[in-house]
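Peer 1: Sequence and predicted model, in that order:
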Amino acid sequence: MNFKIESDKDFSNRISEWHRWFAWRPISYDGGIAWLEFVERRFNFETNFASNGTWYYRPIKRGE
């Protein structure tokens, strides 16, 4: 069985782009609060370490 292992660079590039995510816990964003629904999120690195940064959220536009 073959597994593709994601490199640290590929992982950081992937999470720093907007991607669809299910808000299984309450999150707040500029226009309100989302919980138990899909939103988009991305991670903004403050340093080179993955543990230092901030998640940003935005609602998904209707029809997408």
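Peer 2: It's in. What you see is a predicted model, and the numbers here were worked out from it, not measured in a lab. Numbering: from 1, shown residues only.
Peer 1: Ile60: neighbour count?
Peer 2: A count of nearby residues for Ile60, using other CB atoms under 10 Å, gives 14. Any C-beta I mention is one placed from the backbone N, CA and C, and that applies to glycine too.
Peer 1: pLDDT below threshold where in the chain?
Peer 2: 48-51, 63-64 (pLDDT under 70).
Peer 1: That one: strands as residue ranges?
Peer 2: 19-22, 27-29, 32-34, 38-45, 53-59 (DSSP state E).
Peer 1: Those: which one's closest to Ser7?
Peer 2: strand 38-45 (15.6 Å; CB to CB).
Peer 1: Given the closest one, what are its sheet partners and their directions?
Peer 2: strand 19-22 (antiparallel), strand 53-59 (antiparallel) (DSSP bridges).
Peer 1: tell me which residues of that strand are tucked away?
Peer 2: Going by neighbour count (16 or more other CB atoms under 10 Å), the buried part of strand 38-45 is Val39, Glu40, Arg41, Arg42, Phe43.
Peer 1: Tell me how far it lies from the chain's centre.
Peer 2: 3 Å (CA atoms, centre = their mean, to the nearest Å).
Peer 1: can you list the residues that contact it?
Peer 2: 12, 15-23, 27, 29, 52-60 (CB atoms under 8 Å, 6 or more residues apart in numbering).
Peer 1: Can you tell me which of the strands paired with strand 38-45 is most buried?
Peer 2: Of the strands paired with strand 38-45, the one with the most neighbours on average (mean count of other CB atoms under 10 Å) is strand 53-59, at a mean of 14.
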